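J.: Quick one: sequence and predicted model below, then my questions.
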Amino acid sequence: MSADSVQKQKKFSEKYSFPFPLLSDESKETIQAFEAWGKKKLYGREYEGIMRCTYIIDEDGNIAHAYKKVSVKTHAQDVLQELN
């Protein structure tokens, strides 16, 4: 989910030929509810932004697993391992 507009998400999805839709939350209501928005630091500069995190939600709508800190290099494998 991103705080980008629906149009921006659609364009990004089409550019990379994703076989699934990307979600947009311009109001940041859901993003904030999942604690995925907050203070970040880059080169000593603080700013507000989206946090890289993943929630695995089960068939009943419950959070089965949460990844609050995501390692880009290993995240896909970590999630696949959790799903198995």
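T.: Done, it's in. As the structure is a computational prediction, the values presented were derived from the model and not from experiment.

J.: which stretches of this protein have low pLDDT?
T.: Scanning the chain for pLDDT under 70 picks out nothing.

J.: Quick check: residue 57 vs residue 8, distance?
T.: 24 Å (CB to CB, to the nearest Å). All C-beta atoms are positioned from the backbone trio N, CA, C, and that covers glycine.

J.: again with residue 72
T.: 21 Å.

J.: Equivalent analysis for residue 28, please.
T.: 15 Å.

J.: before we move on, what about residue 74?
T.: Taking CB to CB, one finds residue 74 at 28 Å from residue 8.

J.: So which of residue 57 and residue 8 has more stuff around it?
T.: residue 8 (14 against 11; other CB atoms under 10 Å).

J.: residues in contact with the more buried one?
T.: Residues counted as contacts of residue 8 (CB atoms under 8 Å, 6 or more residues apart in numbering) are 2, 24.

J.: Can you pull the phi/psi pair for it?
T.: phi -70, psi -40 (degrees, to the nearest 10).
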